[in-house]
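Q: Okay, sequence plus prediction incoming.
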Amino acid sequence: MKPACEIDFNVDDTASSIAAMLARLRPVTDAFERGDALPSILAGRCRYLGPDAAAILASLACRAAHENRQLSIHLPQEPPQLTSFCDFVGLRHLVSGGEPPDPLHPQNETLPLTQTRGSPGLWTQPLISLVKRHVEMGEEQEEYLRIGLHEVLQNVEDHAQSPIGAMMCARYFDGLKQVRVAIVDAGVGVLQALRRTHPQIADTKTALAKVLQGGFSSKSRDTNMGLGISNLALFVRLLEGSLVIVSGDAIAETRSDRPVRVQTRPSMLLRGTGVFFSMRVTR
Amino acid sequence: MDRIQINAVDHFDPESDVTDSGTQLAHRVKETLAQSSDAIVLVSFKGIRGAASSFFNIFLHRVAGWSGPEVLTTRLSFDFGSLPQKLVFERSFQAVLAEVSNKP
């Protein structure tokens, strides 16, 4: 029987659930590294997936496709709200083919999975348009969201060396007046990137702490100053949001109501970097 | 003292590589500084949306490299279209100024 790993719990866009999901997916990550057959991913018993989980699954699917390897992902078949999300975010299309999602559907609160490469400015407007379809967003909020997204995508472009670029998706939550954005790449990760110029940094936990602090750059461009992620962290705190960054075996979290927390979770492993942030988009 | 305004939006393409926009703007500033030996050059970022730190870093580094780091504080002033933009710029400005000022 082909090995499988199961996501049989809800992945609700929190640091703990992202870490738990990545721990369950560890056999897939290890198989990628060893060149072994990739275990199937079974999510049939999951009852909630958010954009974070969608982007993680999509990055694995994209990486498998890039490496001409077979990865089987079984998505939930219920409840209806979850299967709708899997349709609207494009997971079902990615996994099983068929019609791609319609991002302009009037009931759509989801920005479908998009593989991003190149200039961040190419990818922002659909997210802004999605939010504006549902709520009147102030100019300042729009600019925080636009710049925040650009900072993450520019990091992927400058530092990640990701063969798939990044997988991005988002969802607007009307009850919370909040947008959640997920961007996952399959690159070298924060530690390897930073060690280019800071070889003394020994582990990913320290590397994540440095990028959140700001001022530590891999100098992929000689003009880089290592401010992108710390800018985003500042924005999410101003806009009552949250920021979770995962790379390797470490995860960092900051929210408007608590300081930065960075932890090593030896059971999980993300090859590359995942940035998951939320912002309140109205006053 | 004379003041000359440059509108950065005229040199900013959000869909092209950030190096192009940052360098183009820095060129314009360099030319303007050279044409007027004592005027203050006001760089207005109004109308630009989504400019991330990379754009400002490249722009400020190029200006400092071509015209000397001292112009950042003696010959240039800046105008912004939004608070987020100003926040990002100021963080880049302080970081670049510290770096270029410490270079031998």
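A: That came through, no problem.
Q: Get me the contact residues on chain B for chain A.
A: Residues of chain B lying close to chain A by CB under 8 Å from any CB of the partner chain are B:13-19, B:22, B:49-54, B:57-58, B:61-62, B:81-85, B:87-88, B:91-92, B:95-96, B:99. The C-beta positions use only the backbone N, C-alpha and C, and glycine is treated the same way.
Q: let's see it at 7 Å
A: B:14-18, B:49-50, B:52-54, B:57-58, B:61, B:82-85, B:87-88, B:91-92, B:95-96 (CB under 7 Å from any CB of the partner chain).
Q: Take those residues and keep only those in helices.
A: B:18, B:53-54, B:57-58, B:61, B:83-85, B:87-88, B:91-92, B:95-96 (DSSP state H).
Q: Widest-spaced pair of these?
A: The largest separation in these, counting by CB to CB, is between B:61 and B:83 at 23.9 Å.
Q: more neighbours, those two?
A: Between residue B:61 and residue B:83, counted using other CB atoms under 10 Å in any protein chain shown, residue B:61 has the larger neighbour count: 23 against 13.
Q: For whatever residue of chain A ends up closest to chain B, which non-adjacent residue is spatially closest?
A: Using CB to the nearest CB, the single residue of chain A nearest to chain B is residue A:121, 3.2 Å away. In this structure, residue A:121 finds its nearest non-sequential neighbour in residue B:14, 3.2 Å apart by CB to CB, 6 or more residues apart in numbering or on different chains.
Q: swap in residue A:280?
A: residue A:240 (4.4 Å).
Q: Residue A:155 now?
A: residue A:228 (5.1 Å).
Q: how many neighbours does that neighbour have?
A: Residue A:228 has 28 nearby residues by other CB under 10 Å.
Q: try residue B:31
A: Quick note: residue B:31 (other CB under 10 Å) scores 12 neighbours.
Q: can you give me the strands in chain A?
A: Along chain A, the stretches classed as strands by DSSP state E are A:4-6, A:40-42, A:73-74, A:110-116, A:166-173, A:178-185, A:242-248, A:250-255, A:258-264, A:270-280.
Q: In a markdown table, list these along with distance to residue A:97 and mean pLDDT.
A: Shown next, in a markdown table, are the strands of chain A (distance: least, CB to CB, whole Å; pLDDT from 0 to 100):
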| stretch | distance to residue A:97 | mean pLDDT |
| --- | --- | --- |
| strand A:4-6 | 21 | 96 |
| strand A:40-42 | 17 | 97 |
| strand A:73-74 | 12 | 96 |
| strand A:110-116 | 14 | 95 |
| strand A:166-173 | 17 | 96 |
| strand A:178-185 | 21 | 97 |
| strand A:242-248 | 29 | 98 |
| strand A:250-255 | 33 | 97 |
| strand A:258-264 | 38 | 94 |
| strand A:270-280 | 25 | 97 |
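Q: could these be laid out in CSV, adding mean neighbour count and distance to residue B:71?
A: Shown next, in CSV, are those (neighbours: other CB atoms under 10 Å in any protein chain shown; distance: least, CB to CB, whole Å):
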stretch, mean neighbour count, distance to residue B:71
strand A:4-6, 16, 58
strand A:40-42, 20, 56
strand A:73-74, 18, 55
strand A:110-116, 22, 36
strand A:166-173, 25, 37
strand A:178-185, 27, 36
strand A:242-248, 26, 35
strand A:250-255, 24, 36
strand A:258-264, 13, 36
strand A:270-280, 25, 35
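Q: nearest to residue A:95, of those strands?
A: Among the strands of chain A, if distance is taken as CB to CB, the winner is strand A:73-74, at 4.7 Å.
Q: Name every strand pairing with that closest one and say which way it goes.
A: As defined by DSSP bridges, the strand partners of strand A:73-74 come to strand A:40-42 (parallel).
Q: Check the burial of residue A:149 by counting its neighbours.
A: For residue A:149, using other CB under 10 Å, the count is 28.
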